[in-house]
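Engineer: Fold the following and give me the result.
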Amino acid sequence: MSSPLPEPANPQLKRAVGPFELTLYALGSMLGSGIYALVGKAAGVVGNAVWLSFVAALCAALLTALSYASLGSRYPRAGGAAYVTDRAFGLPVISFLVGLALVCSGMTSVATQSRVFASNMAQLFGWQSVPIEALALGFLLIMAGIVFRGIRESMWVNVVCTLVEAGGLLIVIAVSFSFWGSVDYFEIPPEKADVGTALLILQGSILTFFAFIGFEDTYNVAEEVKNPETTIPIALVSAMFLATVLYVAVAISAVSVVPYSELSTAAAPLAAVMERAAPAFPAVALVAITMFAVGNTALVNYVTASRMLYGMSNQGLLPVAVGRVHAKRQTPHIAILLLFALLAPLMLSAGISELAAATVLLLLFTFAMVNAALFVLKRRPGEPQGRFEIPDFVPALGCILCVVLIVVRVVTGDIVAPLIAGILIAGILGLYWLNSHQNKAPQT
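Structural biologist: Numbers count the residues shown, from 1 in each chain. This next block holds a predicted model:
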């Protein structure tokens with residue numbers, strides 16, 4: 001069996017993550033704060049059948065998730081997406097683009113979540129006189145400190161946050177359970193009856209698909225996972241199904257309590273559900289749960305982005321210094337500090353939401369490339385077999401689906417996000433050219 005690239009020189013990342021922690025890491029990265037808004041938007045498209053959109057979205061997202069699980073069992077490396085695309089296509093520029101696209105996605109998420117966390121904190125403690133930017137900067141410092149402290153510490157903070165945010169969704173389900181069966185769960189908006197239920201569910205699944213984004217973070221901590229060849233597939237697939245059960249139950253609960261027409265226009269759909277189903281439930285508790293969800297999303301993305309930079313450095317795509325590991329903490333401290341230096345000004349800038357929307361397109365691009373890479377590697381003689389193998393059609397369909405989602409978003413949405421995505425791609429390619437030009441300069 002052929003071997004991947006040599007292991008990085010000591011000190012190395014610490015293998016401290018087991019199946020339980022990794023499952024909750026994947027689950028927490030998917031739950032995040034997106035589900036709180038997605039239910040309302042999807043209900044406006046599909047009506048009471050919104051729960052079916054989550055099932056359809058699972059089928060779509062599972063194709064790429066299975067590809068990631070298979071790759072994790074074959075090539076368990078930090079920065080795995082960049083590594084496998086390089087191994088499959090032999091074009092460093094593609095690996096550089098894929099890697100930095102994921103880093104951009106993580107950075108914009110952390111920057112956005114830092115401001116959301118700060119706003120909720122100001123509301124919770126009545127700190128309206130404190131600048132949001134100061135609170136957000138403090139939040140970023142704490143995140144950097146946790147990530148630097150160690151992967152075990154990061155994982156246990158994630159476990160606590162994931163249990164809290166999952167508990168928040170379970171509370172919504174529990175208070176709404178007595179309302180179950182009160183509506184027709186296949187009812188669609190009458191004005192859209194001519195479109196057809198199946199097509200509406202598909203349109204809704206394009207929205208709900210993004211509730212599953214985050215599973216890819218699991219692969220990027222592969223070098224810190226115990227027995228990653230087995231643990232990554234188990235954790236990733238388990239987390240996907242746990243998320244689906246929660247999403248479907250929340251969707252059914254939401255439309256059972258609040259009519260879908262009202263739900264679609266609610267600023268905070270699940271808060272509206274709680275107000276009607278359990279008016280005595282303290283609103284401050286929802287704010288606190290939201291803070292845990294937001295903080296968890298930021299933490300997972302910070303860990304993922306730092307490991308991506310570390311992995312790209314080991315591939316020679318970034319300076320060697322970026323891949324250094326702290327001798328005592330066994331974390332990529334240079335990458336963590338570099339991210340903080342980039343995150344602070346990004347958090348202060350305007351237009352973060354537009355940038356985040358653009359990086360979703362880049363994320364779909366990386367999914368397409370990773371699926372294509374697995375398809376190529378599976379058909380190449382001599383490649384190592386993993387403990388979790390899937391049929392060739394899975395990565396092929398996953399690639400096609402991601403391309404379709406990109407096309408649908410570009411054709412049907414505003415031009416701002418695709419334009420920013422194009423500028424980011426041009427910037428990443430320009431950075432690659434500068435990096436490669438500097439590397440060649442001493443030899444000329």
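
Engineer: quick one: secondary structure of the residue lying closest to Ala144 once chain neighbours are set aside?
Structural biologist: Distance criterion CB to CB, 6 or more residues apart in numbering; nearest residue to Ala144, sequence neighbours excluded, is Phe340 at 4.6 Å. Where C-beta positions appear, they are placed from N, C-alpha and C, glycine not excepted. Three-state assignment for Phe340 (DSSP: H, G, I helix; E, B strand; the rest coil): helix.

Engineer: these two touch, right, Phe340 and Ile142?
Structural biologist: No. If you go by CB atoms under 8 Å, Phe340 and Ile142 don't touch, sitting 11.0 Å apart.

Engineer: Show me which of these two is the more surrounded one.
Structural biologist: Per other CB atoms under 10 Å, whichever of Phe340 and Ile142 has more neighbours is Phe340, with 20 against 16.

Engineer: List the residues that contact that one.
Structural biologist: Counting by CB atoms under 8 Å, 6 or more residues apart in numbering, Phe340 touches 140-141, 144.

Engineer: Check the spacing between it and Leu286 real quick.
Structural biologist: Note on Phe340: its distance to Leu286, by CB to CB, to the nearest Å, is 30 Å.

Engineer: same thing with Phe375?
Structural biologist: According to CB to CB, Phe375 stands 44 Å off from Leu286.

Engineer: remind me which residues of the stretch 201-350 of the chain are low pLDDT?
Structural biologist: 350 (pLDDT under 70).

Engineer: Is there a quick ChimeraX command that grabs whichever of the contacts of Phe340 are buried?
Structural biologist: Per 16 or more other CB atoms under 10 Å, the buried members of the contacts of Phe340 correspond to this ChimeraX selection:
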select :140,144
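
Engineer: just checking, Ile151 touches Ala16?
Structural biologist: Yes. Using CB under 8 Å, Ile151 is in contact with Ala16, at 5.4 Å.

Engineer: shared neighbours of those two, which are they?
Structural biologist: Common contact partners of Ile151 and Ala16 (CB under 8 Å, 6+ apart): Glu224.

Engineer: could you point out the longest helix in the protein?
Structural biologist: Selection of the longest helix in the chain by residue count, based on DSSP state H, yields helix 92-125.

Engineer: Which residue, other than its chain neighbours, is closest to the residue nearest in space to the middle of the chain?
Structural biologist: Centroid-nearest residue in the chain, with CA atoms, centre = their mean: Gly214, separated by 2.3 Å. Excluding the flanking residues, the one nearest Gly214 by CB to CB, 6+ apart is Ser29, at 3.4 Å.

Engineer: Contact partners for that neighbour?
Structural biologist: 214-215, 217-218, 296-297, 300-301, 304.

Engineer: where's it, which helix or strand?
Structural biologist: Assigned by DSSP states H and E, Ser29 belongs to helix 19-31.

Engineer: For that helix, the averaged confidence score.
Structural biologist: In this model, helix 19-31 has an average pLDDT of 89.

Engineer: And for stretch 401-417?
Structural biologist: 81.

Engineer: Residues in contact with that stretch: which ones?
Structural biologist: Applying CB under 8 Å, 6+ apart, the external contacts of stretch 401-417 come out as 60, 63-64, 206, 209, 354, 357-358, 360-361, 364-365, 367-368, 371, 418.

Engineer: Could you identify the most distant pair in those?
Structural biologist: By the measure CB to CB, Leu63 and Glu354 form the most distant pair in the contacts of stretch 401-417, at 28.4 Å.

Engineer: Between these two, which is the more surrounded one?
Structural biologist: More crowded of Leu63 and Glu354, by other CB under 10 Å: Leu63, with 22 against 15.

Engineer: quick one: the more buried one and Pro391 touch, right?
Structural biologist: No. The pair Leu63 / Pro391 is not scored as a contact, 10.9 Å apart, by CB under 8 Å.

Engineer: count of neighbours near Pro418?
Structural biologist: 17.

Engineer: For my notes, confirm it occurs in a helix.
Structural biologist: Yes. Per three-state DSSP, Pro418 lies within a helix segment.

Engineer: List the contacts of it.
Structural biologist: 358, 361, 409-410.

Engineer: now, among those residues, which is nearest to Gly47?
Structural biologist: Gly47 lies nearest to Arg409 out of the contacts of Pro418, by CB to CB, at 22.3 Å.

Engineer: and that closest one, helix, strand or coil?
Structural biologist: helix.

Engineer: Give the burial count for Val147, as a bare number.
Structural biologist: As a burial measure, Val147 scores 26 neighbours (other CB under 10 Å).

Engineer: pLDDT of the helix or strand containing it, averaged?
Structural biologist: In this structure, Val147 sits in helix 132-149 according to DSSP H and E. Regarding helix 132-149, the rounded mean pLDDT is 93.

Engineer: tell me which residues of the following helix or strand past it are tucked away?
Structural biologist: As assigned by DSSP H and E, the chain's next helix or strand after helix 132-149 is helix 151-176. For helix 151-176, burial by neighbour count (16+ other CB under 10 Å) applies to 151, 153-155, 157-159, 161-166, 168-169, 171-173, 175-176.

Engineer: Helix 151-176 vs helix 132-149, what angle?
Structural biologist: 120 degrees (axes from the mean of the first three to the mean of the last three CA atoms, to 10 degrees).

Engineer: So which bits of the next helix or strand after helix 151-176 are buried?
Structural biologist: Sequence-wise, the next helix or strand downstream of helix 151-176 (DSSP H and E) is helix 197-208. For helix 197-208, the neighbour count (16+ other CB under 10 Å) marks 197, 200-208 as buried.

Engineer: got these as a markdown table, with distance to Arg329 columns?
Structural biologist: As requested, the buried residues of helix 197-208 are arranged in a markdown table below (distance: CB to CB, whole Å):
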| residue | distance to Arg329 |
| --- | --- |
| Thr197 | 54 |
| Leu200 | 50 |
| Ile201 | 47 |
| Leu202 | 47 |
| Gln203 | 47 |
| Gly204 | 44 |
| Ser205 | 42 |
| Ile206 | 41 |
| Leu207 | 40 |
| Thr208 | 38 |
